[in-house]
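Novice: Predicted model follows, preceded by the sequence.
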Amino acid sequence: MSEHDQPGSFGKRWMSDEARQHLRQAREEMRASLRMLVPPEYIQHRRAARREALLAMRSLLDHALKRLDESGKA
């Protein structure tokens, strides 16, 4: 593996285009098969739950930033 192919070489490809395309196709096929196995309501609830989890993390970050700002003023 050359220095250009190493993981972490930002802006440089370490995976072949063929492998990248294969992974994309595999991901799409897996998503399609999961959609066939679970009811559409599950997908909707999962999305809503993910959104709520992200909002919860946002509130934690907002609180931490607020405390940081307040501690700098004292």
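Specialist: Yep, that arrived.
Novice: Can you tell me which helices and strands the host helix or strand of residue 29 packs against?
Specialist: In the assignment (DSSP states H and E), residue 29 maps to helix 17-37. The helices and strands touching helix 17-37, judged by 3 or more Cβ pairs under 8 Å, 6 or more residues apart in numbering; DSSP states H and E, number zero. The C-beta positions use only the backbone N, C-alpha and C, and glycine is treated the same way.
Novice: and the longest helix anywhere in the chain with helix 17-37, angle?
Specialist: For the chain, the helix that runs over the most residues, judged by DSSP state H, is helix 40-73. Regarding helix 40-73 and helix 17-37, their directions subtend 120 degrees when assessed with axes from the mean of the first three to the mean of the last three Cα atoms, to 10 degrees.
Novice: And helix 40-73, what's buried?
Specialist: The neighbour-count criterion (16 or more other Cβ atoms under 10 Å) identifies no buried residues in helix 40-73.
Novice: Stretch 23-33 now?
Specialist: Buried residues in stretch 23-33, counting neighbours by 16+ other Cβ under 10 Å, are absent.
Novice: Alpha carbons only: can I get that stretch in CSV?
Specialist: Extracted as CSV, the C-alpha positions of stretch 23-33 are listed here (Å, rounded to 0.1, in the frame of the first residue of the first chain):
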residue,chain,number,x,y,z
LEU,A,23,-20.0,-1.3,-1.0
ARG,A,24,-22.5,1.2,-2.2
GLN,A,25,-24.4,-1.5,-4.1
ALA,A,26,-24.3,-3.8,-1.1
ARG,A,27,-25.7,-1.0,1.2
GLU,A,28,-28.5,-0.3,-1.2
GLU,A,29,-29.4,-4.0,-1.5
MET,A,30,-29.3,-4.4,2.3
ARG,A,31,-31.6,-1.4,2.8
ALA,A,32,-34.1,-2.8,0.2
SER,A,33,-34.2,-6.2,1.9
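Novice: Figure out how far it is from the centre of its chain.
Specialist: 16 Å (Cα atoms, centre = their mean, to the nearest Å).
Novice: Stretch 51-61 now?
Specialist: Worked out by Cα atoms, centre = their mean, stretch 51-61 lies 14 Å from the chain centre.
Novice: Please shift the residue numbers so they start at 32 in all later answers.
Specialist: I'll keep to 32 as the first residue from here, and by that count the last item is stretch 82-92.
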